[in-house]
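**Q** Kindly generate the corresponding structure for this input.
(chains A and B)
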There are 2 protein chains.
Amino acid sequence: MLARVYITLKNGVLDPQGKAILGSLQDLGFEDTSDVRVGKYIEVQVDAKTASAARERVAQMCQKLLANTVIENYHIEVMEES
Amino acid sequence: MLARVYITLKNGVLDPQGKAILGSLQDLGFEDTSDVRVGKYIEVQVDAKTASAARERVAQMCQKLLANTVIENYHIEVMEES
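**A** Numbers count the residues shown, from 1 in each chain, chains lettered A, B, ... in the order given. As a prediction, this is how the structure comes out:
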C-alpha cells in the first residue's frame, strides 16, 4: 500500500531554508512572494492488509524516524489499492 | 494566496536518501516497508488576483528555482481564499 507523508515545521519554528528560498525568489524578480515554508514529502510502500493498518504503521515510522516531533508535524494519506 | 508545491524525483532517478531511510526503517523493525521515495513539500504565499495567476507564477518559480526539472517533477495546488 502506498502512504504519502507530509512533514512540516510547526508554527513558530524558524525556517531558515524557507527564508533562503524566499530571498532567492525575490532576487529573481518574484517580489509578489511573501513567505515560503519548506517541508518533506515522503512516499512509503508498506505491506498492510488495510488502510488503517498501513496508517498506524506509518505513524509509528514518523514517531521513530521520519519526523522530529518536537519541531515538526506530520500528516499521512494512504492510497487505497483499487 | 497559498500554493502547495510537491517536488518528486522522476521515475527511474536513483533516490539515495530514500534508500537510506528504507534501510533505517528496516533496521528499526519495519520489515514490512518495501520502498521509500523522498521529495520536497513547499508552501508559497504569493500575491495574485486569481488562482490560475498564482499557479502560473509558482510554475515559473519551479522552473527557475524550486525544482531541478531534469530529474524532478513538480505538482502545484493553489488554495482558493474563501
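
**Q** pLDDT averaged over stretch A:56-72 - what is it?
**A** Within the predicted structure, the mean pLDDT of stretch A:56-72 is 97.

**Q** near chain B, anything from it?
**A** Yes: Stretch A:56-72 is in contact with chain B by CB under 8 Å from any CB of the partner chain, via A:Arg57, A:Gln60, A:Met61, A:Lys64, A:Leu65, A:Leu66. Bear in mind the C-beta positions are built from the backbone N, C-alpha and C, glycine included.

**Q** How about the secondary structure of the fifth one?
**A** Looking back up the chat, that one is A:Leu65. helix (DSSP: H, G, I helix; E, B strand; the rest coil).

**Q** For it, list the residues it contacts.
**A** B:Ile21, B:Ser24, B:Leu25, B:Leu28 (CB atoms under 8 Å, 6 or more residues apart in numbering or on different chains).

**Q** So what's the residue count around the second one?
**A** The number of residues packed near B:Ser24 is 16, by other CB atoms under 10 Å in any protein chain shown.

**Q** Quick check: which element contains the closest residue to A:Val58 other than its chain neighbours?
**A** Among residues not flanking A:Val58 along the chain, A:Ala3 sits closest, at 4.4 Å (CB to CB, 6 or more residues apart in numbering or on different chains). Assigned by DSSP states H and E, A:Ala3 belongs to strand A:2-9.

**Q** For that strand, which helices and strands make contact with it?
**A** strand A:33-46, helix A:51-61, strand A:72-79, strand B:33-46 (3 or more CB pairs under 8 Å, 6 or more residues apart in numbering or on different chains; DSSP states H and E).

**Q** partners of it in the sheet?
**A** With DSSP bridges as the test, strand A:2-9 is paired with strand A:33-46 (antiparallel), strand A:72-79 (antiparallel).
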